[in-house]
Every structure is written in C-alpha cells, then in structure tokens.
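*Asks:* Predicted coordinates and the sequence they were generated for:
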2 protein chains.
Amino acid sequence: MTWLQFGETMDEKPHITTDEDVIPQVCRACEARHGGICSVLNGSQLAALNKHSAKRTIDPGTEVVGQGENVNTYSNILRGVVKLSKMMADGRQQIVGLQFAPDFLGRPFSRESSLTAEAATTTEICAFPRAAVERMIADTPGLEHKLYDQSLKELDEARDWMLTLGRKTAREKVASFLHLIATHIDPEADDGCTFDLPLSRADIADFLGLTIETVSRQMTKLRKEKVILVENNRHVTVPDIERLNEAAGND
Amino acid sequence: MTWLQFGETMDEKPHITTDEDVIPQVCRACEARHGGICSVLNGSQLAALNKHSAKRTIDPGTEVVGQGENVNTYSNILRGVVKLSKMMADGRQQIVGLQFAPDFLGRPFSRESSLTAEAATTTEICAFPRAAVERMIADTPGLEHKLYDQSLKELDEARDWMLTLGRKTAREKVASFLHLIATHIDPEADDGCTFDLPLSRADIADFLGLTIETVSRQMTKLRKEKVILVENNRHVTVPDIERLNEAAGND
DNA sequence: CGCCAGGTTGAAGTAACTCAATGAATGTGG
DNA sequence: CCACATTCATTGAGTTACTTCAACCTGGCG
C-alpha cells in the first residue's frame, strides 16, 4: 500500500536525531506500534499522547462502551478480544464485529455509538482521552488515513459476515466462525493450527444468528467428521484449514 | 460535525474572487455538490476533475463493477439506486449494501473490490479516472475526511443490517427493508410517505436473506394489516411510518 | 458434597424453504 | 386487434432446517 506512506511525506526535513525519534519507554514493546494506530506517530507524538494514556485490564464480560453512551475515551487493544454487539428492545442480540489486538477501539467523531463493546476474553487496552486523540488526528494526516484504513477493513469484514448471516447454513456458519478465529489468532501456520476459542457458545450463537443448541450440534458434527478436534470445550485444533474453509462454503 | 470544516481551515487567505470560486457549469445543478464528495472541493478543483469526468446512464441490472475486478474509475451516483452484492460459488447471493445519490462509488485504495456493484434502477453516474481522484485525495485533506465519513456511515448501516439478518423474523425483515427505503427515498414527510420500490422481489429476497416467496407472503400480510398499501407491485404507500417501524422490531 | 454455570443431547414444534400451479402486466408477431 | 410468449409476483401444499423445551452431563468451587 503506497498509500500508507502518505503521512511520512509530510515531514521531509534532513534527518537529525530529535525528540521525535525517541520512542517513550512504555511504547517500546507495545503491539499497537506494529500495525496499530501508533505506527504512524513519531516519538514526540507518542510522548504527548502518553501523558494522558492509561493501561487497563478488563475482565471477560465487562462492558467497555455502552450502547448509546457518549464515548469519551479511545483505546488501543493490546491483548484479548473485544466483541461489538447490538441489542433489540426485547433482548435479542447480535454480535456485529470482533476486534483483536492491535485494533483501535472507539468511533472517531461518534454520532453516538449505537454499539456495546464488551471484553470477550481478558483484555488489555491503552486508553486515551477523546480530546487528545482528536487533536492528534487534526495534526497528523497519516493518522486519519490509518483510521480510515481500519474502518475500510471493518467494512469488508462486516459485509463478508452479512453473506454468512444471510445465506449460509448453520454448519457453514459455525465453520466460518472457526475459520475466522483460526486465521485471526494463529496468524501463520496454515496447516495444523490450534487455538482457544475467545467466545462462549452463547456468544458464538449471537455472532452467527443461531441458538446455543444449534452451535453445539454443528460443533459435534464437525468434530465427528474430524474437521476439527476439541478439548475442554474451548480448545480447538484444525488439522486441515482447507477442509474447514470448504465446510464454511468458501468455494 | 465541526469536523467536516477541517478542509476549510487549510486556505485562510483574504477572500478575493478567483478561479477557485467559479463552479463549473456542469456541476452547478449537480446532486453531488450537496452532501456528496464534491461538496468539499472548490471551483478550480471541480474544474480539474471535470476535465476527465464522464456522465453515464446505466440500465437496471447492468454491472458497474464486477466482483474481483480491478476498479479503475470512481463515480458519484447522481440518480438511482446501486446494489452492492456478494455471491458464493454455488450461486447463493447476498446484497450487502444499497447506495443512493449522492453517494460515492468505488473503493479508494481498493484491495481489489470483493463486491459486485449493479444498478438496481436506471442510474446516472459521474465517473472519474482513478488517478485523478487519488491525486485529488492527496492534495485535499477535506476530501479524504469526507470519504472516511461515508465509510463510517456505510459501516453503521452494514452493522444495523447484520442485526436484521441475524436476529429478525421474516416479517420484521421485510418491514425493516420498507422502512429503509421509505427513509432514504422520501427524505422528509414522516407521515404518509409514498415511493416506488427500487428493487424487485428477487433483489429484496437477496437483501434480506430470504426467498422470493417469503418476501411476497410477508408483503401481502403487511398489506392486509394495512401497514402498507401497494399498487402495481412496486408502488408503496406507508400511512403511518411509526407502525412500520414497530413491525420492523425497532422498539 | 452439593451447587451452579456452561455445554451437550434428545424429542417435538414451527418458521421459512421448496416445488408447483396460477395470475397479472408487458411485449411480439401474425 | 388478438393469440402467445415472457417476465415478475402471488398463492398453496408438503418438507426441512433450525428452534424450543427439557433433561442430562461435566468441571470448578464454596
């Protein structure tokens, strides 16, 4: 993506070591600097942002942002999985997105978020006050571009999932979910990957538009057909990712 | 949205009438200048873009961009409705978005579009070569912001629709669709609005993840319950939009 | 140990699908 | 102008995939 270098063309001064090059201590080992938002910020910008930042650990099931609430912090996800969901008045629920490290959490220029964000697993985030982030966006075109880029990625994922929700069978849905997790958790190793499911059966059901029972039944079917191996309900091994992909209905 | 004025703060010179203020003839009456992409461009920018622009009329059912094709033009929708859809290898199809005037069509920085865009109604577009648009994006922060804003809007819509696809009943789905069209076609007049459906029953089914027959049955049910009036299969009147909204399951 | 939450399994019910026939609107050629 | 084909929508009858309801595991913990 030539595009992503956009921000860098903005400061073409001769290169002397300055504040801008010094990465703050806390950021050195941070996930978000590789691929995350912070990857487009220089040392002094990271330092400025860090004056107001707060690392937080969030337990599974805890809300990060409530539906309709006014968001006044933005965060980077450092570890764990966050589920974004919508609920109807009568309690029916749909998970509309999963976010993994190092995704950015929070809606820049929120027309009030109509989502609930909840930790699915134990999650670590690095939170920034709204104002600081927005000031930085205004100063750094590369940052806004990075955010735009993430939202396009999320849009792609949302639309992929619409196909799954609207047109796939229960079996294909469950396989699609497993495939999604397999490719997000275990980045490489395309043969024989293994992982822990970040979601309970109830969450999976809410993600797939199914009931818990149907998810369970399809899981056991896939298990009996040896498409997956399951231990302790949560730990899954995929011997052949391509067979799983087929079961998911992806040609 | 204070945000959208961002672009304007970039040129704060004393105001004398220049090229920049002169709106090209073709653009004067154009939809896209009000709310569309072009609203953030000045006269000389519009003129530059217009040197390469081409208005086209597209008949219903004609593809604008093929799934997996390399997109080399971007367009503004001036009139009509465009459907974005995905297809599985075995032919199952899902419409993942509808675009109305003055939406922007085409993916800036396409990681090849995985969508098919097809005119649902007779559609007029204003097409620009890819390079011209990308050059202009690089020069005009306000433009990229505008695009970002549209993609956030599309993301919201996609997620709303995921709830519809995953958790609503057939009746609620059809009502949701009618509500969507009612609010997009007939912008105001929130009581007693009337419109032509831009989609065939087959398209509606593909949008809702249902079959044609189920769509038809639910339409007749809603008609018998006087939630809607239908003439000629395509022309719909909604006497009470709030009743429709209720039927759609929105609290 | 007994309780509880999370998961599985079975049997019965139902919403939506499939298949098939019919109807309405539009166009074509004799 | 009328038969005829064609496309799009409606309606009915029978089937099925998923849900609902209920019982039953399994592992962790006071």
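*Replies:* Good, I have the coordinates. Numbers count the residues shown, from 1 in each chain, chains lettered A, B, ... in the order given.

*Asks:* Identify the residue spatially nearest to the most centrally placed residue in chain A, adjacent ones excluded.
*Replies:* Note on chain A: the residue nearest the mean C-alpha position is A:Q99, at 1.6 Å, using Cα atoms, centre = their mean. Residue nearest to A:Q99 in three dimensions, not counting chain neighbours: A:V82, with 4.5 Å by Cβ to Cβ, 6 or more residues apart in numbering or on different chains. (C-beta placed from N, C-alpha, C; glycine too.)

*Asks:* Next SSE downstream of the host helix or strand of that neighbour?
*Replies:* In this assignment (DSSP states H and E), A:V82 forms part of strand A:81-87. Note on strand A:81-87: by DSSP H and E, the next helix or strand toward the C-terminus is strand A:93-100.

*Asks:* outside of the helix or strand following that next one, which residues touch it?
*Replies:* Where DSSP H and E defines the elements, the next helix or strand beyond strand A:93-100 is strand A:104-105. Strand A:104-105 is contacted from outside by A:36-37, A:64-65, A:74-77, A:82, A:99, A:117, A:125, A:147, A:150, using Cβ atoms under 8 Å, 6 or more residues apart in numbering or on different chains.

*Asks:* rerun at 7 Å
*Replies:* A:36-37, A:64, A:74-77, A:82, A:99, A:117, A:125, A:147, A:150 (Cβ atoms under 7 Å, 6 or more residues apart in numbering or on different chains).

*Asks:* Let me know the next secondary structure element after it.
*Replies:* Heading C-terminal from strand A:104-105, the first helix or strand you meet, by DSSP H and E, is strand A:116-119.

*Asks:* Is that next one positioned near chain B?
*Replies:* No: Strand A:116-119 stays clear of chain B (Cβ under 7 Å from any Cβ of the partner chain), getting no nearer than 11.6 Å.

*Asks:* is DNA strand C contacted by that strand?
*Replies:* No: judged by Cβ under 7 Å from any atom of the strand, strand A:116-119 and DNA strand C are separated, with a smallest distance of 13.1 Å.

*Asks:* quick one on the thing from earlier: which residues does the residue nearest to A:Q99 bridge with?
*Replies:* A:Q99, A:A119 (DSSP bridges).

*Asks:* ok, now which ones touch it?
*Replies:* Per Cβ under 7 Å, 6+ apart, neighbours of A:V82: A:64, A:99, A:105, A:117-120, A:123.

*Asks:* mind redoing it with 8 Å?
*Replies:* Counting by Cβ under 8 Å, 6+ apart, the residues that A:V82 touches are A:64, A:98-99, A:103, A:105, A:117-120, A:123.

*Asks:* Pass me the low-pLDDT residue ranges in chain A, would you?
*Replies:* A:1-19, A:66-71, A:109-113, A:186-192 (pLDDT under 70).

*Asks:* what residues does it put near DNA strand C?
*Replies:* So chain A meets DNA strand C at A:200-202, A:212-213, A:215-217, A:219-220, A:230, A:233-234 (Cβ under 7 Å from any atom of the strand).

*Asks:* Kindly indicate which of those residues lies nearest DNA strand D.
*Replies:* Nearest to DNA strand D among the residues of chain A next to DNA strand C is A:E213, at 3.9 Å by Cβ to the nearest atom of the strand.

*Asks:* Hmm, A:N50 is touching A:R28, no?
*Replies:* No: using Cβ atoms under 8 Å, A:N50 is not in contact with A:R28, being 11.4 Å away.

*Asks:* Quick check, A:I185 in contact with A:F195.
*Replies:* Yes: look at A:I185 against A:F195 with Cβ under 8 Å: they come within range, at 4.3 Å.

*Asks:* sorry, back to before: I'd like to know which of the contacts of strand A:104-105 are part of helices.
*Replies:* A:147, A:150 (DSSP state H).

*Asks:* what about the helices in chain A?
*Replies:* A:43-50, A:130-139, A:141-167, A:170-185, A:201-208, A:212-224, A:241-247.

*Asks:* related to what we said a few turns ago, who wins on neighbours among the residues of chain A next to DNA strand C?
*Replies:* A:V215 (24 neighbours; other Cβ atoms under 10 Å in any protein chain shown).
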